[in-house]
Structures are given as structure tokens and as C-alpha cells.
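[1] Output the structure for:
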Amino acid sequence: MLKELIASPEAQTQGYVIDLDYAHQEKPYSWVKKFQEHDILSGQQLTHIVELLEDNYEIKSRAATLWQTPADNRVFGKWERDLRVNRKKPVDEDGNEVEEEEEEAAKWKHIVKLESLVRVCDNEENVQAELSQYESPERPEVEDWLVKMYQSTYIKLPSSGLTPDEIAESVTYRLKPNVTEPVTPVAKLIEGGGDFAGLLSADVNVDEGQLPRQYSLWRTTDPVALKSGRVIPGVGDFAAHYANNVFVFENEENQKAFISEPRKYLQSAPKMPDDYRVMILGPKGAGVRSQARNLNSHYGWRMVDFNQIVKDKLAEIMALPIKPPNNLSTEGPCMVCLSAEELQEIKDGKPFAAWKFLPWIMEFLGVPLMIKPPEVKSDEEPNQEEMSEEQKKAFDKEQKKKAEEEKKRQKAQAEAEAAKAERAKRRQELLERDPNVDLAAEGLEETEEEIKIDDLPID
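    Take a look at the predicted model:
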């Protein structure tokens, strides 16, 4: 119905004012989305948007004073009722009161509370519901329209304390067209650039009625870069103005791209990219964690607190009665944790490199993990004669470490093979004595014997 009214000949030739109701909207559906999805404006652009800025407390207070007269269903506020009470009667040339015609007098009849009704929609609960709907999602969605408006066509009016007549007078005055603006906005280069403050008035002749410029919702962020997911500050040397707003760019290439197709980069209000990745560094007490929490609260970005993730994971491992193998196997119980040797080092208070906990961070972020493939040993031995004394010491130390690790591996393998052989021997002995023996009850079932999950180091 609204689309038909806007498309009617009267609206198209004489214009129209859209007054929207927020009382019966369903969150998070907004009027702006309805206009966009149903093309209610039939491809047209609004010429003006008027926003009345008023404190919520004052709105609730005014709503509490509204009365409705049952005879004609008109609603009167306190200001209108007081205007009728305080109205001076008409006088003649000599200053004497004259009798008004009955019809005229009826227009100014006092509104009596006993003859009026108080509407349910004006109680505090319902008014608060409308305010909540307006604040979110209605008002944020309007930004998609505001980015395309001139300073003189987006009218912000602080209306607290003003009477309806004063508001109407102010809006009417502000609705006067600015003859210096073209019918369709055109992006233009600001010659010579300059500092950010100077860009607002560069080449603007106020004496001829031109309005000073303002910075857009993008402030000093490059809108072309932001469109591609990069948050890059613009510089004053590469600037342009469009629809009475100033835009600055990272380089000349972005500046030219914007001037060529400004609407392409202003289709929706600016917002931080969803995949933005920020690392915050600083010494203890600098407020690193506080700033991370602020960004998390403001932008909704996931907070990756390295220290907290490690603490939580260690607490989880320590609480287990038996530490499972550090592995990704699907053949038996295991988890991403530490090897038994590494865990003992931490329990003993030995230094442990922080970078080794990176698999825990990746697991927290949902990044798929895999077991590191074995290193391919090089057949070519380094030439020790070409090494310095320091290099020889490091090489000997590394070789000694590898030899010890290989010795441990071989010992563990030998123990595992011996245990396997012993279990096979005992199982065979039981089966020879009683072919129907319950091997599971004896702890010697065959399937368990075959399962062996390596307890890998964390790195």
C-alpha cells in the first residue's frame, strides 16, 4: 500500500513526507530493509531526511501528558492544551473583546481531562519498546541512506525544549534548497590537497552561499581501500569531495577510482572487516588486555588471549586422572595436549618455550591440525673441517641429542615389543588350557593389543 501511495500521481507531482510507525515492527526487521527489499521508492532517492534529536526521558515525559478527545480522536499534548487556555480573545480596533463565531470558538475549546482519554500506546512500557526498536535496528540501518545525502539534505535538529511550531519553523527553513549544489552529486578532486581541517573549506566561497564541507561517516579512512577489506588512513594530498562530504585516500589510484564511481564505494555505511586480525603488544600493565576487551565489545571480534588459553588448557590437563597421549589419532583416547615428558618439565618448573603452545591456539581457533611428518634425513654429512669451533660444539650437541632421542625411541620400541610378546604368550597359554576363556575379563583381548597411540611432543 505504501508503495502505491508513493507511486500515485499526487505524490509524484507534489512530493510526499514519510512518517513511519515503530510500534508494531518485529526485530530485527527494519523499515529500511523493507524499503530496499520491496523497492518501495521505485528506484528513487529521498531528497531530504529530517532527524529530530531528543532525550529519551523527555520523550517519555511528553508521551505521559498526551490526551485524546473521543469526539474526533484528536491527540493533544500539554503545549497545545496550554495554548488554548492562555489564548487571548480577539479584540477590535479600540481594544475591546469581540464575540467569536461559534465555529471559530469551538476550535479553541479548552481540553478537559475528564472528557479525554489516555492511550495505552503512550504508557512508559510501550514508549520504551518503540524507542528500543528505533535505536536498534531502525536508526543504524538509516546510515545506508545518510551516506548519500548532502549536509543540507540530511537535517539534524536538536528538538528538546522546542514547541511543535518552533520545530516546524526550523525544519521548513532548513528544507530550502541550496542553489550551489547540483541536482545529482558529482565527485570532484580537491586541488592541491592540504591538512584535514583545510580540506573542509578549500575552494568554498561562503559569501556566494556555498556551505562548508564536512567529513563523511568514513572520517579520514580511505573508502576505496575499505571496500576491499583494508582499513587504511587517507592522506590530505589525495582528497575529493562528494555530496558536500570530504573523502581522503591512500594514493592517487584510489582517488581516481572514487571520482570515477563514488557510489560504488558508498553503497553501505562503513564498518570494520569481519576478518580483521589485530595483534596487541605491550609490557605488563600497559593495558593490552583492556584494549583487546574494548575491541571485542565494540566490533564483536573474537578475543584470543594467549595466556588465558594456555592456563585453561593446562588446568584441563592437570585435572585428568590419567593424561591421554598427545595425538590426533581416531583409534583410541587421545587429545591435543603435551607429551608426558613435557608435562613433567612444566610441573618441575623448567623453562618451556611459549611458541610451543601454538597448536593449542590453533585448536582454540578451529584451525585443522595434523601430525608433523617425520623429518627427511639428509645423507650428506656436513664438513666439520669447514666449521668454526662454535659450530662444531653446536653440531656435536645436536648429534648427541639425536643419539639420546634415538636411544630412547629404540628402548621404548623394545619395551613395547616385549610387552606385546608377553601378552601374546599369556593369551596363548590361556587358550590352550580353556578355548572358551573370556580374554576381555583377563585384560588380554586381541583388539586392545593392536592399539598403540604415540605420545607426541607438542611441537
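[2] Who are the contact partners of the residue positioned nearest the centre of the chain?
    Closest residue to the average C-alpha location of the chain: Tyr299 at 3.7 Å, with C-alpha atoms, centre = their mean. By C-beta atoms under 8 Å, 6 or more residues apart in numbering, the contact set of Tyr299 is 272, 276. For glycine as for every other residue, the C-beta is placed from the backbone atoms N, C-alpha and C.
[3] Tell me where the model's unsure across the stretch 1-150 of the chain.
    13, 23-28, 148-150 (pLDDT under 70).
[4] ok, which stretches of it are strands?
    49-53, 67-69, 74-76 (DSSP state E, counting those that start in this stretch).
[5] what ranges do the helices span in the stretch 201-350 of the chain?
    Counting by DSSP state H, counting those that start in this stretch, the segments of the stretch 201-350 of the chain that form helices are 223-227, 252-260, 288-299, 306-318, 340-347.
[6] Point out the most buried one among those.
    helix 223-227 (a mean of 20; mean count of other C-beta atoms under 10 Å).
[7] Of all the helices of the stretch 201-350 of the chain, which one is nearest Leu5?
    helix 223-227 (34.9 Å; C-beta to C-beta).
[8] what packs against that closest one?
    strand 245-249, helix 252-260 (3 or more C-beta pairs under 8 Å, 6 or more residues apart in numbering; DSSP states H and E).
[9] Provide a list of residue ranges in the stretch 201-350 of the chain with pLDDT below threshold.
    206-212, 331-332.
[10] Same question for the stretch 351-459 of the chain.
    Using pLDDT under 70, the stretch 351-459 of the chain drops low at 375-381, 439-440, 442-453, 459.
[11] can you rerun that using 50?
    447-450 (pLDDT under 50).
[12] Could I get the full set of strands for it?
    Under DSSP E, counting those that start in this stretch, the stretch 351-459 of the chain gives no strands.
[13] From the rest of the structure, what touches stretch 159-177?
    So stretch 159-177 is contacted by 48, 50, 52-55, 58, 77, 79-80, 152, 155, 157 (C-beta under 8 Å, 6+ apart).
[14] now with 10 Å?
    For stretch 159-177, contacts defined as C-beta atoms under 10 Å, 6 or more residues apart in numbering pick out 47-48, 50-55, 57-59, 77, 79-80, 82-83, 152-153, 155-158, 183.
[15] any chance of the helices and strands packed on helix 223-227 in TSV, with distance to Ala353 too?
    Shown next, in TSV, are those (distance: least, C-beta to C-beta, whole Å):
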stretch	distance to Ala353
strand 245-249	43
helix 252-260	42
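[16] Near Val246, how many residues? Count them for me, please.
    22 (other C-beta atoms under 10 Å).
[17] need the contact list for it.
    190, 196, 199-200, 202, 213-216, 218-220, 234, 236, 239-240.
[18] Can you report how many residues lie near the nearest residue to Asn296 once chain neighbours are set aside?
    Distances taken as C-beta to C-beta, 6 or more residues apart in numbering put Met303 closest to Asn296, at 4.3 Å, once the chain neighbours are dropped. Residues lying near Met303 (other C-beta under 10 Å) number 12.
[19] ok, back up a step: among the strands of the stretch 1-150 of the chain, which is nearest Val336?
    The closest of these to Val336 is strand 49-53. By C-beta to C-beta, the value is 52.7 Å.
[20] So which residues make contact with the closest one?
    17-18, 59, 139, 142, 145-146, 148-149, 153-160, 162, 167, 170-171, 174-175.
[21] Just the buried ones out of these, please.
    Neighbour-count burial (16 or more other C-beta atoms under 10 Å) is assigned, among the contacts of strand 49-53, to 59, 142, 145-146, 148-149, 153-155, 159, 162, 170.
[22] all strands for the stretch 151-300 of the chain, in order.
    154-158, 188-189, 214-215, 235-242, 245-249.
[23] could you redo those as JSON lines and give each row distance to Pro283?
    Putting those into JSON lines (distance: least, C-beta to C-beta, whole Å) gives the following:
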{"stretch": "strand 154-158", "distance to Pro283": "43"}
{"stretch": "strand 188-189", "distance to Pro283": "45"}
{"stretch": "strand 214-215", "distance to Pro283": "35"}
{"stretch": "strand 235-242", "distance to Pro283": "31"}
{"stretch": "strand 245-249", "distance to Pro283": "34"}
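[24] of all those strands, which gets the most neighbours per residue?
    Of the strands of the stretch 151-300 of the chain, strand 245-249 is the most buried (mean count of other C-beta under 10 Å), at a mean of 26.
[25] Is there a neighbour count for the residue lying closest to Asn327 once chain neighbours are set aside? I'd like the number.
    Residue nearest to Asn327 in three dimensions, not counting chain neighbours: Cys334, with 4.1 Å by C-beta to C-beta, 6+ apart. Using other C-beta under 10 Å, Cys334 has 17 other residues around it.
[26] Now do the same contact list for Cys334.
    Contacts of Cys334 (C-beta under 10 Å, 6+ apart): 324-328, 453-456.
[27] measure stretch 327-335 end to end?
    6 Å (C-alpha to C-alpha, to the nearest Å).
[28] in it, what counts as buried?
    Of all the residues in stretch 327-335, those buried under the rule 16+ other C-beta under 10 Å are 327, 334-335.
[29] Which of those sits closest to Phe258?
    Met335 (51.8 Å).
[30] Excluding chain neighbours, what is closest to that closest one?
    Pro324 (5.2 Å).
[31] No further queries at this time; thank you.
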